[in-house]
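Q: Using only what follows, build the 3D model:
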Amino acid sequence: MQVKINGTDIELEEGSTIKDAIAISNAPYEEGSIICLIKGKKEFEKNINKYKLKTPKGSIIIEMIENKENTENNKYNEDYEVSENNDPRPLIDFWKNNYSEFEGLKIRWTSTNEVAIGPVTTDFEPTMDENSYNEWDVILSLSGFSQESTHIIISKEKHSAVYGVPNHNKGIFAKVVGGKRTVDLLTDEDSILAIEGVVERSSITDSSSVSDLNTVLEDGNQLFTYVSIKVNENSPESVEHLFSVIESNKNNKIKVDYDSNSFVGFYSLQGLGKDPEDETQRKRGTVTVRNTGKGIGKVYIYREDRVRAPSHTTVGYIEKGMELIDIAKLNDYITVKSNPGRIMTLSMNQTQANSYLESIGIKHEQIGSTGPNSFIVSQEPEFTIDIIKKGSIKTTAINKEDLTLIELFDKKDQAPRSAWYFKKITGLVEKPVGALKVHFAFPGMKLSIFEGNDKEAKGLIPENTANNCINAGTIGITNMSRKNVGLIGIRFEDNNEFGPTGEPFNATNIVGIVKTDLKPIEKIKEGKLLYIQEFKNIK
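A: Got it, this is the predicted structure:
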C-alpha cells in the first residue's frame with residue numbers, strides 16, 4: 001500500500017504501523033511528540049470550505065455557504081426569503097467533487113451584473129424561475145436550460161435573473177470573500193488558471209487525529225511527524241532566540257504553552273528580550289517573537305492571518321507540518337526542525353569545529369588554543385544567518401582544563417528565579433557556554449565578585465538563602481534586600497558569616513556550586529572572563 005509521510009510517498013506492507021512508516025522513511029520524530037494522521041485526500045478535501053480561483057488578473061476566494069438548517073441565520077443570506085428547497089448541499093458536493101473541471105476554462109461573458117465561467121456538463125435539472133441575488137453570490141447556472149451549458153456565475157451586484165438554476169437554494173452555493181477587485185477586472189479574454197482548496201485550521205482538525213505509534217495505517221493515509229521552519233534571514237538575532245527555544249528540551253521538540261484559534265504559543269524563554277527586527281504581516285504559518293512588553297521572548301506560530309504588529313519580530317515561516325500546528329493542544333510536544341539549522345561551535349574543540357564547518361562550506365579561522373584539548377568559548381559572527389551570509393567564522397578557544405563546570409540549583413524548591421537570572425547574565429539560556437566578567441578580585445579575600453545587571457535583577461526576592469556555613473565553591477547572588485542587587489560571587493574557602501558576594505546570609509541567594517578546581521578561578525584578574533558550563537550539559 002502507499003501512504004504519504006511528511007509529503008513524500010512511500011510503499012508499505014499491509015498492516016504496517018506509524019512506527020514502521022517512521023522507521024522506513026527515516027522521518028524526523030522525537031518520542032512523546034504528537035502525530036497528525038489524515039485518512040486520505042478525499043477525507044481531507046471534504047472539510048475544505050474555501051477555494052482560490054487563480055486568474056491572470058489575480059486570485060478570487062470563494063467560501064461555501066452554510067447548510068439548510070442555518071440558512072435563515074446565514075449572514076450571506078440574511079436578505080433572502082427562505083424557499084421551499086433552500087438546501088445548498090447538492091451544489092456544494094458537486095463543486096467539491098468537480099471544481100477541477102473549471103480549470104483552464106475561459107471567462108465566458110461579463111456584464112455589469114455578473115461574471116460567467118464555463119461551460120461544463122452536469123446532470124442537474126434546470127428551473128425557469130426568476131430569482132433575486134445579492135452582490136458576491138456564487139451561483140450554479142444551467143444556461144439556456146441546458147445541462148451541457150452549466151456555468152458558474154459570480155454576482156457583482158444585487159439583481160434578479162433567470163439562470164436556469166437547479167432547484168437547490170436558487171443555485172447559490174458560495175460567496176466571494178476575497179479578490180473582489182479581481183472579479184471587477186475580469187474580461188472574456190481571461191481564464192481560470194488553477195483552482196485549489198484553501199487549507200484552514202478547521203480543515204485539518206476535522207479530518208485528522210492524534211495517534212500513537214502502534215496505529216495501523218491504511219492505503220492513502222497521510223502522516224505528519226514534524227514541523228519544518230524556514231527561518232527569516234532578516235532577523236538574525238531573533239532567529240537565534242528561536243533556535244534556543246527549539247533546543248530548550250535538548251531534543252528538538254517544543255511544548256505548547258498556549259493554544260487558541262489564532263495561534264499557538266511557546267513560552268519557555270519568556271522574559272528574554274531581543275531588539276526589534278523584521279516586521280511582516282502575520283499570515284497563517286508565520287513564526288514571531290514578541291520583542292516588548294510583558295510577554296517579551298514568547299514565540300508564536302499563527303493558525304490564522306493577523307495584521308503586522310511592531311511588537312512582533314518575524315523569525316520564520318512554516319514550510320512543512322502546518323497540520324501539526326493545527327491539531328496541537330495545550331501541553332502537547334511537537335518535533336521541530338529549522339531550515340537552515342543553527343551553526344553553533346561553542347563547546348566543540350577546534351578540530352571538531354573545523355570538520356563540521358568544512359562539511360557545511362564555511363571557512364574557519366582558529367584563535368587561541370587548538371587541537372583536541374581546546375574548548376571553543378566564542379564565535380564571530382555570533383549569529384547563524386550572519387555566518388552564512390559571510391561564509392566564514394572565527395572561533396576562540398581556551399584549554400579545556402581552564403573551563404569551570406558548575407551545578408545550578410534551579411528546581412522549584414531551590415532557587416529557580418536566581419538560576420534564571422544567572423543563566424540570562426552569563427548567556428547559558430541560549431548557549432552551551434557562558435561567561436562571567438570579574439568585577440572585584442582582591443588577593444587574600446578568598447572570593448571573587450562578578451558583574452551582574454541591576455535592571456535584570458529587579459524583583460530578585462530572597463530564596464534559598466544560607467542558614468549557616470557557606471562552603472568553598474558556593475555561588476551566590478545578592479538579592480533585592482541590598483543595593484548591590486544582582487552581583488554574583490564565588491567563595492574559595494568556607495565562611496560562617498558572609499555569603500559569596502560579601503553580604504550577610506539573608507541577603508544572599510545560593511544559586512549553585514562549582515564542580516571543578518577553584519584555584520584557576522582565584523587567579524583571574526578584574527575585567528577578565530571566567531568561562532563556565534553546566535555540569536549536566538557536558539558532552
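
Q: Tell me how many other residues crowd residue 14.
A: 9 (other Cβ atoms under 10 Å). Backbone N, C-alpha and C define where each C-beta goes, glycine included.

Q: contacting residues around it?
A: residue 1 (Cβ atoms under 8 Å, 6 or more residues apart in numbering).

Q: Please report the distance of it from residue 20.
A: Distance of residue 14 to residue 20, given as Cβ to Cβ, to the nearest Å: 11 Å.

Q: Just give the closest residue to the residue in the chain sticking out farthest from the centre, not the sequence neighbours.
A: In the chain, residue 128 marks the outermost C-alpha relative to the chain mean, sitting 53.0 Å out by Cα atoms, centre = their mean. The shortest distance from residue 128 to any non-neighbouring residue, by Cβ to Cβ, 6 or more residues apart in numbering, is to residue 162 (6.5 Å).

Q: From the contact counts, what lies against the one helix or strand residue 376 maps to?
A: In this assignment (DSSP states H and E), residue 376 forms part of strand 374-380. Of the remaining helices and strands, those touching strand 374-380 by 3 or more Cβ pairs under 8 Å, 6 or more residues apart in numbering; DSSP states H and E are helix 350-359, strand 392-399.

Q: I'd like those as TSV, with mean neighbour count and distance to residue 196 appended.
A: TSV is the format used below for those (neighbours: other Cβ atoms under 10 Å; distance: least, Cβ to Cβ, whole Å):
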stretch	mean neighbour count	distance to residue 196
helix 350-359	16	39
strand 392-399	18	42
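
Q: how about these, which one is nearest residue 385?
A: Distance to residue 385, taken as Cβ to Cβ, is lowest for strand 392-399 among those, at 12.4 Å.

Q: who's in contact with that closest one?
A: Under Cβ under 8 Å, 6+ apart, the answer for strand 392-399 is 343, 345, 349-350, 353, 357, 362-370, 373-381, 387, 531.

Q: ok, now which ones touch the residue nearest to residue 508 when sequence neighbours are not counted?
A: Once flanking residues are discounted, residue 508 sits nearest to residue 499: 3.0 Å by Cβ to Cβ, 6+ apart. Residues near residue 499 by Cβ under 8 Å, 6+ apart: 466, 470, 474, 476, 478, 489, 491, 505, 507-508, 510.

Q: cutoff 7 Å now
A: Applying Cβ atoms under 7 Å, 6 or more residues apart in numbering, we find residue 499 in contact with 466, 470, 476, 489, 505, 508.

Q: any idea how far the helix or strand hosting the third one is from the chain center?
A: The one in question is residue 476. If you go by DSSP H and E, residue 476 is part of strand 474-478. Offset of strand 474-478 from its chain centre (Cα atoms, centre = their mean, to the nearest Å): 37 Å.

Q: Next secondary structure after that strand?
A: Following strand 474-478 in sequence, per DSSP H and E, is strand 488-491.

Q: Contacts for that next one, please.
A: Contacts of strand 488-491 (Cβ under 7 Å, 6+ apart): 422, 436, 446-450, 452, 470, 472, 474-477, 499-502, 514, 521.

Q: Show me those residues that map onto helices.
A: Among these, DSSP state H puts 422, 521 in helices.

Q: Buried ones among the contacts of strand 488-491?
A: Listed as buried from the contacts of strand 488-491 are 422, 436, 447-450, 452, 470, 472, 474-477, 499-502, 514, 521; burial here means 16 or more other Cβ atoms under 10 Å.

Q: What residues sit buried inside stretch 513-528?
A: Buried residues in stretch 513-528, defined by neighbour count with 16+ other Cβ under 10 Å: 513-514, 516, 518, 521-522, 524.

Q: residues making contact with that stretch?
A: So stretch 513-528 is contacted by 402, 404-407, 437-441, 448, 472-475, 490, 492, 530, 535 (Cβ under 7 Å, 6+ apart).

Q: Please tell me how far the residue nearest the centre of the chain sits from residue 94.
A: By Cα atoms, centre = their mean, the mean C-alpha position of the chain lies nearest to residue 301, the distance being 4.1 Å. Distance of residue 301 to residue 94, computed by Cβ to Cβ: 36 Å.

Q: same question, residue 370
A: Taking Cβ to Cβ, one finds residue 370 at 72 Å from residue 94.

Q: right, and the secondary structure at residue 458 would be what?
A: Under DSSP: H, G, I helix; E, B strand; the rest coil, the three-state class of residue 458 is coil.

Q: circling back: any idea which of the buried residues of stretch 513-528 is closest to residue 34?
A: residue 513 (38.0 Å).

Q: which intervals of this protein have sub-threshold pLDDT?
A: 40-44, 67-84, 201-207, 209-211, 250, 537-539 (pLDDT under 70).

Q: Okay, helices next: where are they in it?
A: 18-25, 41-45, 89-98, 180-185, 201-205, 236-247, 322-327, 350-359, 384-390, 416-426, 519-522.

Q: neighbours of residue 175, just the number please.
A: Quick note: residue 175 (other Cβ under 10 Å) scores 21 neighbours.

Q: what do you get for residue 161?
A: Residue 161: 17 neighbours (other Cβ under 10 Å).

Q: same question, residue 483
A: 7.

Q: Residue 493 touches residue 473, doesn't it?
A: No: between residue 493 and residue 473 there is no contact under Cβ atoms under 7 Å: 9.4 Å.

Q: Settle it for me: which of the two has more neighbours?
A: Between residue 493 and residue 473, counting by other Cβ under 10 Å, residue 473 is the more crowded of the two (21 against 13).

Q: quick one: contacts for the more buried one?
A: 513-514, 518.

Q: could the residues you listed go into CSV alongside distance to residue 155?
A: Shown next, in CSV, are the contacts of residue 473 (distance: Cβ to Cβ, whole Å):
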residue, distance to residue 155
513, 75
514, 76
518, 82
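
Q: Now go through those residues and say which are in strands.
A: Judged by DSSP state E, strands contain the following of the contacts of residue 473: 513-514.

Q: from the contacts of residue 473, which single one is nearest residue 123?
A: Proximity of the contacts of residue 473 to residue 123 (Cβ to Cβ) peaks at residue 513, which lies at 80.6 Å.

Q: can you tell me how far the nearest residue to residue 138 once chain neighbours are set aside sits from residue 529?
A: Nearest residue to residue 138, sequence neighbours excluded (Cβ to Cβ, 6+ apart): residue 174, at 3.7 Å. Distance, residue 174 to residue 529, by Cβ to Cβ: 65 Å.

Q: ok, now residue 87?
A: Separation of residue 87 from residue 529 (Cβ to Cβ) stands at 74 Å.

Q: okay, now residue 106: neighbour count?
A: So residue 106, with other Cβ under 10 Å, has 14 neighbours.

Q: Confirm for me that it is in contact with residue 189.
A: No: using Cβ under 7 Å, residue 106 makes no contact with residue 189, being 8.2 Å away.

Q: before we move on, the earlier item: for beta bridges, what are the partners of the residue nearest to residue 138?
A: residue 64, residue 138 (DSSP bridges).

Q: Can you get me a residue count around it?
A: Residue 174: 25 neighbours (other Cβ under 10 Å).

Q: same thing with the one 3 residues further on?
A: Using other Cβ under 10 Å, residue 177 is surrounded by 15 other residues.

Q: What are the neighbouring residues in contact with it?
A: Residue 177 sits in contact with 61-63, where contact means Cβ under 7 Å, 6+ apart.

Q: So which of the residues you listed wins on neighbours?
A: residue 62 (26 neighbours).

Q: Correct me if wrong: it contacts residue 140.
A: No: judged on Cβ under 7 Å, residue 62 makes no contact with residue 140 at a distance of 11.9 Å.

Q: still on that earlier bit, adjacent strands (with direction) for the strand holding residue 476?
A: Sheet partners by DSSP bridges: for strand 474-478, these are strand 488-491 (antiparallel), strand 508-514 (antiparallel).
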